[in-house]
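Trainee: What follows is a predicted protein model with its sequence.
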Amino acid sequence: MAATPNSPSATSKTAPQQGFVYLPLIVGWLVPGAGHFLVRKWGRGALLALAILTMFVLGVAMQGKVYSSAHDILDMLGLVGDLGSGLLYFVTRALGLGADSVQVTTADYGTRFIVVAGLLNVIAAVDAHNLRTGRKPA
């Protein structure tokens, strides 16, 4: 027997879950991959966590700049990108890691790795939110 559009079996796969729908967005921003873990997308969450953590750690290891303030538009964009990393950013600032200024050539690449890791984390958090609300099919 085929499921009709109004039957419970047809709507259970596409219906958004109830509750606080912003939880995967917030948790996914704070901890890379955690938003996908909340919506039970284990493989995608693990892949995103690995990619974001690797890029962020490599960026810091290359003595990349971790922005703490914004004096011009480029610094502001870098700060927004860094803040996208969530708790990684705050832990890095608290430990005093991340150069205040670029001293070596590889540090410029490291700075870009850190910013891109933050931007990817924001995209991943929004993706987890869209999965939770049902805007994006699983």
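Mentor: Received it, and whenever you're ready, just let me know what you need.
Trainee: so how far is the lengthiest helix in the chain from its chain's centroid?
Mentor: Counting by DSSP state H, the longest helix found in the chain is helix 105-133. Distance of helix 105-133 from its chain centroid, counting by C-alpha atoms, centre = their mean, to the nearest Å, is 5 Å.
Trainee: Would you mark the buried spots in that helix?
Mentor: Going by neighbour count (16 or more other C-beta atoms under 10 Å), the buried part of helix 105-133 is 107, 109-122, 124-132. Just so you know, the C-beta spots here come from the backbone N, C-alpha and C atoms, and that holds for glycine as well.
Trainee: can you list the weak-confidence ranges in the protein?
Mentor: Residues of the chain meeting the criterion pLDDT under 70: 1-18.
Trainee: all helices of it, in order?
Mentor: Counting by DSSP H, the helices of the chain are 8-11, 23-30, 34-38, 42-61, 73-83, 87-94, 105-133.
Trainee: and the ones you listed as CSV, adding distance to Tyr67?
Mentor: CSV is the format used below for these (distance: least, C-beta to C-beta, whole Å):
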stretch, distance to Tyr67
helix 8-11, 46
helix 23-30, 17
helix 34-38, 23
helix 42-61, 12
helix 73-83, 4
helix 87-94, 9
helix 105-133, 8
